[in-house]
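Colleague: this one's structure only:
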């Protein structure tokens, strides 16, 4: 009990705006604080991290003068730094806790997700990264609307971005709630409010500079921590995968079934649709695309993807070892198991295998470190998401659509900050509503929206001479409405959330249908469009191509 | 106005430069080739999961380790290697060509 109060006091000392959290917590139910005796290390390391990031936020707030500073860290991030930040932005709690939990529960199937989440990166490099940097300023909508009508294209792009951001935030919030509940014994609601408050501080005061450094620090901590756990597991088994797998097969209730693909992918349509979703969804995430505007030129953009792919690939191999490590070292130890539920069920819920494995390997001290890391992970990801969502509201909707360019940079940044606060509140509310969902699946669903709505329009705007505003907007909405609709009618929402007996959409992932439909929509409605505006838009393609391919005129984009 | 004219001249020069056409066609071909390679590797893996469960589940060398593991890890490594191949060629050949095009358009 004392530890909880102490943690809150420390939080308060650093972030004055968290006062509301404390007021709630004073009367909160502390019944869940079963691990309090081991919490010291976690609390100290958590406080150090928060202190450090708030220090960076303060430093960044002094540096933030222009809109380019706020949205794109002034374009002054190097390729290596951006690679780390991208990795920090992308390696979410869902990947760390969710994938290791998936491996813990069903073995090999976890690999399907980690592979899918990685293979989108080469595609981003080959097709998108350099052109995105050359054409855009702050948001991917800058690129999509480069030679098209600003209003309709930006409204579409911002709608897609906001839906993805909000769905993605839900997944992060659920992870945060689980984690701090365990770490502090706080009520789920308090945990979600604390994350919401910290992310609002980072984004509103520190903008992209603070967000970038929070992501870099988190990436280093996460890669270091995961390496240590995986190393601990492998040294326990004499660095023999065979020995690790043999023990896992021996103790897991599914026995040898964990060594082969199982029930996750049940039919080929779902398998291919899942693959498309994970692969192209990555290339349509607004917070990831936004990171490419923080580097000075196309060459650094390119290098950042190479570093990011390396870090992320390495990390996914580690999560796999961690999942199997948890089967052998956590599932066999009664102190981590939830005796009331039986089987493989763990104390603290389904996303805890990696956390308990950290304890099994490095004791209380390391549990503290990993808890702090996982928390940092969530903060880094939600900050990137919030900034992307806020820039869609301020840069795309407010400045370009509502004010039609007749606004000052200062006002635009102010709108962005207000939007960040609004998104924080929404994230907290939705975090509570979605408490019981598996975070890995929530993230997968946001990917189908990114793959079906954002990605097709972005690629068409870069590569298709014939694309017009009409085609981009109609095709884009086909993908957006189609994917959101199918997800709602599929089993995950229709049956599991709404309680109906049978899903109206028979597959789990709609991308196999919605992504081609969006491409086709973009193409057909473009070639059928013979208005004067459409002709002017097509005539503008060669000039766009020169900038897109050579970077001519793009050098100063972010610096300005 | 003067700047717009200057811009137009630069654009025309680049458009007319055969090196620009060369850069665009070479890089586009290279990008899409690597994209197709990545797609083939990944969807090969996915189709194996859907249709070749028994193949992926068979023992690699008599123990519990199955064929699926080195294949899965191989897909991860292939992604890293392919990005490396692209960056290597882009950093040297394409960037040099790009530099020449911009130089000649001045």
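Modeller: Great, that's in hand. It should be emphasised that the depicted structure is a prediction, and the values quoted were computed from it without experimental measurement. Numbers count the residues shown, from 1 in each chain, chains lettered A, B, ... in the order given.
Colleague: where are the low-confidence patches of the chain?
Modeller: By default, I'm working from chain A. A:1-39, A:94, A:183-186, A:263-266, A:437-441, A:443-444, A:555-560 (pLDDT under 70).
Colleague: nope, chain B please
Modeller: Short version for chain B, where the test is pLDDT under 70: B:1-6.
Colleague: And the residue of it that's closest to chain A?
Modeller: Going by CB to the nearest CB, chain A is nearest to residue B:57 of chain B, at 2.9 Å. From N, CA and C alone the C-beta is placed, and that goes for glycine too.
Colleague: Is residue A:303 in a helix, a strand, or coil?
Modeller: Secondary structure assignment for residue A:303 (DSSP: H, G, I helix; E, B strand; the rest coil): helix.
Colleague: cool, and residue A:332?
Modeller: Three-state assignment for residue A:332 (three-state DSSP): coil.
Colleague: Nearest spatial neighbour of it, chain-adjacent residues omitted?
Modeller: Once flanking residues are discounted, residue A:332 sits nearest to residue A:251: 5.4 Å by CB to CB, 6 or more residues apart in numbering or on different chains.
Colleague: so residue B:44 sits in a strand?
Modeller: No. Using three-state DSSP, the secondary structure at residue B:44 is helix, not a strand.
Colleague: any idea how far the residue of chain A found nearest chain B lies from residue B:57?
Modeller: Going by CB to the nearest CB, chain B is nearest to residue A:260 of chain A, at 2.9 Å. Distance of residue A:260 to residue B:57, given as CB to CB, to the nearest Å: 3 Å.
Colleague: Now for those two: what residues contact both?
Modeller: Residues touching both residue A:260 and residue B:57 by CB atoms under 8 Å, 6 or more residues apart in numbering or on different chains: B:66, B:68.
Colleague: ok, those two, which is more surrounded?
Modeller: The neighbour comparison of residue A:260 against residue B:57 (other CB atoms under 10 Å in any protein chain shown) goes to residue A:260, with 21 against 17.
Colleague: Check whether that one really touches residue B:68, as I assumed.
Modeller: Yes. Counting by CB atoms under 8 Å, residue A:260 touches residue B:68, with 6.1 Å between them.
Colleague: what do the two both touch?
Modeller: A:108, B:56-57.
Colleague: Mark which of the residues you listed are part of helices, please.
Modeller: B:56-57 (DSSP state H).
Colleague: ok, back up a step: need the contact list for the residue of chain B closest to chain A.
Modeller: Residue B:57 is in contact with A:256, A:259-261, B:66-68, counting by CB under 8 Å, 6+ apart.
Colleague: Which of these fall within helices?
Modeller: Per DSSP H, helices hold the following members of these: residue B:68.
Colleague: Distance to residue A:204 added to the contacts of residue B:57, as CSV?
Modeller: Listed next are the contacts of residue B:57 as CSV, based on distance: CB to CB, whole Å:
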residue, distance to residue A:204
A:256, 52
A:259, 48
A:260, 49
A:261, 45
B:66, 50
B:67, 51
B:68, 47
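Colleague: now, which of the contacts of residue B:57 sits nearest residue A:390?
Modeller: Closest approach to residue A:390 among those (CB to CB): residue A:261, at 40.2 Å.
Colleague: Please work out how many residues are found near that closest one.
Modeller: Close neighbours of residue A:261, defined as other CB under 10 Å, add up to 27.
Colleague: Now do it against residue A:231, distance only.
Modeller: According to CB to CB, residue A:261 and residue A:231 sit 28 Å apart.
Colleague: do the same with residue A:501
Modeller: Distance of residue A:501 to residue A:231, given as CB to CB: 48 Å.
Colleague: And the two? Which one has more around it.
Modeller: More neighbours surround residue A:231 than the other of residue A:501 and residue A:231, with 14 against 6 (other CB under 10 Å).
Colleague: following whichever strand or helix holds that one, which helix or strand comes up?
Modeller: Residue A:231 belongs to helix A:207-236 when assigned by DSSP states H and E. Where DSSP H and E defines the elements, the next helix or strand beyond helix A:207-236 is helix A:241-251.
Colleague: Off-centre distance for that next one?
Modeller: From the chain centre to the centre of helix A:241-251 is a distance of 32 Å (CA atoms, centre = their mean, to the nearest Å).
Colleague: got the angle between it and helix A:207-236?
Modeller: On the basis of axes from the mean of the first three to the mean of the last three CA atoms, to 10 degrees, helix A:241-251 is oriented at 80 degrees to helix A:207-236.
Colleague: Show me what helix A:241-251 is in contact with.
Modeller: With CB under 8 Å, 6+ apart, helix A:241-251 has contacts from A:107, A:233-234, A:237, A:255-256, A:258-259, A:321, A:324-325, A:327-328, A:331-332, B:63-65, B:69.
Colleague: Show the buried residues in the residues you listed.
Modeller: Buried subset of the contacts of helix A:241-251 (neighbour count, 16 or more other CB atoms under 10 Å in any protein chain shown): A:107, A:233-234, A:237, A:256, A:258-259, A:321, A:324-325, A:327-328, A:331, B:64-65, B:69.
Colleague: Of these, which is the nearest to residue B:40?
Modeller: For those, the nearest to residue B:40 is residue B:69 (20.5 Å; CB to CB).
Colleague: Double-check the closest one against residue B:60; I have them as touching.
Modeller: Yes. Contact between residue B:69 and residue B:60 holds when scored by CB under 8 Å: they sit 7.3 Å apart.
Colleague: quick one: residue B:38 and residue B:20, what's the gap?
Modeller: Residue B:38 is 27 Å from residue B:20, by CB to CB.
Colleague: Tell me how many other residues surround residue A:211.
Modeller: Applying other CB under 10 Å, I find that residue A:211 has 34 neighbouring residues.
Colleague: Touching, residue A:483 and residue A:448? I think so.
Modeller: Yes. Residue A:483 is within contact range of residue A:448, at 5.0 Å (criterion: CB under 8 Å).
Colleague: Need the overlap of contacts for these two.
Modeller: A:510-511, A:514.
Colleague: just curious, which of these is nearest to residue B:85?
Modeller: residue A:511 (27.2 Å).
Colleague: From residue A:141, how far out is the closest one?
Modeller: 21 Å.
Colleague: Same check on residue B:63?
Modeller: From residue B:63 to residue A:141 the distance is 52 Å (CB to CB).
Colleague: again with residue B:39
Modeller: 27 Å.
Colleague: the more surrounded of the two?
Modeller: residue A:141 (32 against 16).
Colleague: That one against residue A:391, yeah?
Modeller: No. Between residue A:141 and residue A:391 there is no contact under CB under 8 Å: 9.1 Å.
Colleague: show me where chain B has helices.
Modeller: Using DSSP H, helices in chain B cover B:2-16, B:18-51, B:53-57, B:68-89, B:95-104.
Colleague: Deepest-packed of those, please.
Modeller: Across these, averaging neighbours per residue (mean count of other CB atoms under 10 Å in any protein chain shown) puts helix B:68-89 on top, at a mean of 19.
Colleague: what's next to the one helix or strand residue A:89 maps to, contact-wise?
Modeller: Element membership of residue A:89, judged by DSSP H and E, is helix A:79-90. Applying CB under 8 Å, 6+ apart, the contact partners of helix A:79-90 are A:77, A:117, A:212-220, A:222-223, A:282, A:287-288, A:291-292, A:294-295, A:299-308, A:310-312, A:315, A:377, A:380-381, A:384.
Colleague: Thanks a lot, see you next time.
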